[in-house]
Each structure stands twice: as structure tokens, then as C-alpha cells.
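In: quick one, fold the following:
(one chain, ligands or ions: 1)
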Amino acid sequence: MKRDARVFVAGGTTLPGRALIDVLRAERFTRLVGIGADEPDVTDAAATEAFFAAARPEYVFLCAGKSGGIGLNRAYPVELMRDNLLATTNVLHAAHRAGTARLLYLASSCAYPKHAPQPLAVGALGTGPMEPTSEAYATAKFAGWKLCAAYRREYGCRFVTGFPANAFGPHDDFGADSGHVIPALIRRAHDAKVRGDAELVVWGTGTPRREFVYARDLARACLFVAENYEGDAPINLGGGTDVSIADVASAVADVVGFRGRIRFDAAHPDGAPLKALDSAPLREMGWRAEADFRAALAETYDWFLHHRATEGT
Ligand code: GFB
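Out: All right, here's what the predicted structure looks like:
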């Protein structure tokens, strides 16, 4: 990909979007468009079309669309599904009309069937019911993949879909009730430490397992795929760390410095019992994750400590 090409990260304030902007700048892409206040409201079709007509981005990374943890998905399925459907349909159509040369759409591992064989391979997509707690959002991400594939088939667009593992890192939503598990536990372990609480409550049984990928590694994988993968099939963007929620809770408590007890509250749902991606295609192309899980947790906590007041985390 030409380093002086016009590149647009749709969803530049999301966790993956911010990481992508950092990686693109580090890789010396010199013409990022739609950054910060210049980014259009991509849930608005007219604003999106107008932006693409003016900026004419050659490369697009589509990370836009509200997302959150199991709590947010249970509380606001309509808002999550609608926001992602609008953002995805608007950006894909505008990119097609503007002649965008290459687009990577970021879907989500929750679009896989709840009980698909593990590790999750793209051939399992659509073969069974999704996890109910995130079904609305997951269906929007599944539809985004299918629409991406339709533009490729009908119009010959070089659009590709990546399915990421559970991402974490700076600029995430650290809301105790809205965030994904790692940022939510960082927030609650920090608050428990500051208050001197005797225990930290962790949702669910602690037995589910997840593959966690550091946002910087996810962003590197997105760029690697955009530059090197020409297949019609979607591709998993994994290579992360497979760990149980109980072990994540212990690691977060350790990194934050919370020394109290950890109590699992089974009144909260576990969600999918296991989500790990089969990322063999990506590995066989030579891509490797770089982040050490514990070091990435520490970097994320450090970011939280220095930004929680400003970024409304
Ligand atoms: O990250 P998370 O909210 O989403 O939850 P999913 C992962 C696991 O962590 C569940 C447990 O088993 C939760 O019960 N957990 C423990 C907690 N304590 C907490 C906590 O304080 N907050 C949260 N949030 N979880 C998501 C989807 O599913 O996967 C998203 O909801 C997205 O839409 C993401 O697709 C990739 O991994 O279960």
C-alpha cells in the first residue's frame, strides 16, 4: 500500500480505530483523512457520502460501530445493532461509489455460533445459533461481512472482512457495566483498591475462556491483511492469548495491585463458554503477534491511570 495514499479509519475513536491510526502513523502513512473532528457521523448516509466524495480515500479500515461487553449487549441490543448496521452499510456504499481501492471491515468473534468447534474457523460461520447475550450486535457484524462479500462479488470491490479476537488496550471503554471484561475489571479492581475493599466481584463463574489480543497487535494484523491477503473468504485476526476469566481476574488484580479476595458472582451470565480463533491462515502468511499479555495489561492500566479523567473512561 502506497504510504502517500489517502487512508480513512472509520471509527477512529474506537479501541481498534485508535490503535490503527497509531500503527499507520508509525508505518509512515502520511495522508490519513477524517481524523478527529473531520470524521463524519457514519450513521448518517448523506454525511458519509459527502465525506467520501470530498476526501476520496484510497484505503479504508472500517472499525466504526458501537460495541461493548456482555452487560451493554444485554441492556442495549437495539442501539448496538442499529448503529453497526447503519455505519457499515453507509461506509461500504460510499467506499464503493468513491472507488476506494481497498477496504478492510472489522467484524467480531461473537458472530460465530456459540457451540462451534474450537478453535473457531471461518467455515463455522453461520452454522449454528449465536451466543444470545450478544446476538443482536453479532448479527449486525455477520450482516456486515455478508454485505462486504456482496460488494466484492457484484462490483469487484477489493473489500475483505477480518474477524478479531477479544481486543483490549488504551482508549477502551472502562465502564464497569458497559466495558468488555478486561477494562471493566481494571476499573473495578482499581476502585476496590482505592476504597480498600475486601473483595473484588467478578461476573459469572470464571470458567469461560477467551482469546485476548492487544489492540496494537490487532491493528498490525489489520494492516498486514489489507496489504497481503487477496482471498474471497474472511480471515481471523487472532494470534492472541487464550486464558480463562478467572486467570484474567487474577492477572488484573495483580497488575492493579488489588490484594483482596476475588468472588465470582454466578448471577451474571458467562456468555460464550469459549472463544478462540483458528488463525492458521494469518500465521501461514508469516504474521505474528508481538505483545506479552501481562505487559499489555500493565500498559493498559497505566493508560487508564493517566487518562481516566480526560477521556471519560
Ligand atoms: O468481555 P465480555 O463482556 O464479552 O465478557 P464476551 C467476557 C466474560 O467475562 C464473560 C466475564 O464470561 C463475563 O461474565 N466477566 C467477568 C465480565 N467480570 C466481568 C465484568 O466486570 N465485565 C464484563 N463485561 N465481563 C463480547 C460481546 O462477548 O465479545 C461483544 O459481548 C464483542 O459484543 C466481544 O463481540 C468481542 O467476550 O462474552
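In: which other helices and strands does the helix or strand of the chain with the lowest mean pLDDT contact?
Out: The weakest-scoring helix or strand in the chain, judged by mean pLDDT, DSSP states H and E, is strand 274-275 (a mean of 91). Where contact means 3 or more C-beta pairs under 8 Å, 6 or more residues apart in numbering; DSSP states H and E, strand 274-275 is packed against strand 209-214. For the C-beta atoms, the positions are set from N, CA and C on the backbone; glycine is no exception.
In: close to the ligand, is the strand it packs on?
Out: Yes: judged by C-beta under 6 Å from any ligand atom, strand 209-214 comes into contact with the ligand through Arg210.
In: enumerate the positions of the following helix or strand past that strand that are buried.
Out: Downstream of strand 209-214, the next assigned helix or strand under DSSP states H and E is helix 215-228. Using 16 or more other C-beta atoms under 10 Å as the test for burial, helix 215-228 gives Ala215, Arg216, Asp217, Leu218, Ala219, Arg220, Ala221, Cys222, Leu223, Phe224, Val225, Ala226.
In: distance of the last one from Gly162?
Out: In this case it means Ala226. Separation of Ala226 from Gly162 (C-beta to C-beta, to the nearest Å): 9 Å.
In: which neighbours do these two have in common?
Out: By C-beta atoms under 8 Å, 6 or more residues apart in numbering, Ala226 and Gly162 have these common neighbours: Leu104.
In: what about whichever residue of the stretch 1-150 of the chain sits closest to the ligand, neighbour count?
Out: In the stretch 1-150 of the chain, no residue comes nearer to the ligand than Gly69, which is 2.7 Å away by C-beta to the nearest ligand atom. Neighbourhood size, Gly69 [other C-beta atoms under 10 Å]: 23.
In: same question, the one 4 residues further on
Out: Other residues near Asn73 number 24, with proximity taken as other C-beta under 10 Å.
In: which element is it on?
Out: Per DSSP H and E: helix 70-75 holds Asn73.
In: next SSE after the least confident helix or strand of the chain?
Out: helix 280-284.
In: check which residues of the helix or strand that that following helix is followed by are buried.
Out: Per DSSP H and E, helix 280-284 leads on to helix 293-307 as the next helix or strand towards the C-terminus. By neighbour count on 16+ other C-beta under 10 Å, the buried set for helix 293-307 is Phe293, Ala296, Leu297, Glu299, Thr300, Tyr301, Trp303, Phe304.
In: out of those, flag the one nearest to Arg283.
Out: Nearest to Arg283 among the buried residues of helix 293-307, counting by C-beta to C-beta, is Phe293 at 17.6 Å.
In: ok, the nearest residue to Ile35 once chain neighbours are set aside - contacts?
Out: Using C-beta to C-beta, 6 or more residues apart in numbering and skipping residues adjacent in sequence, the residue nearest Ile35 is Gly12, 6.0 Å away. With contact taken as C-beta under 8 Å, 6+ apart, Gly12 is in contact with Arg18, Leu20, Ile21, Gly34, Ile35, Gly36, Glu39, Cys63.
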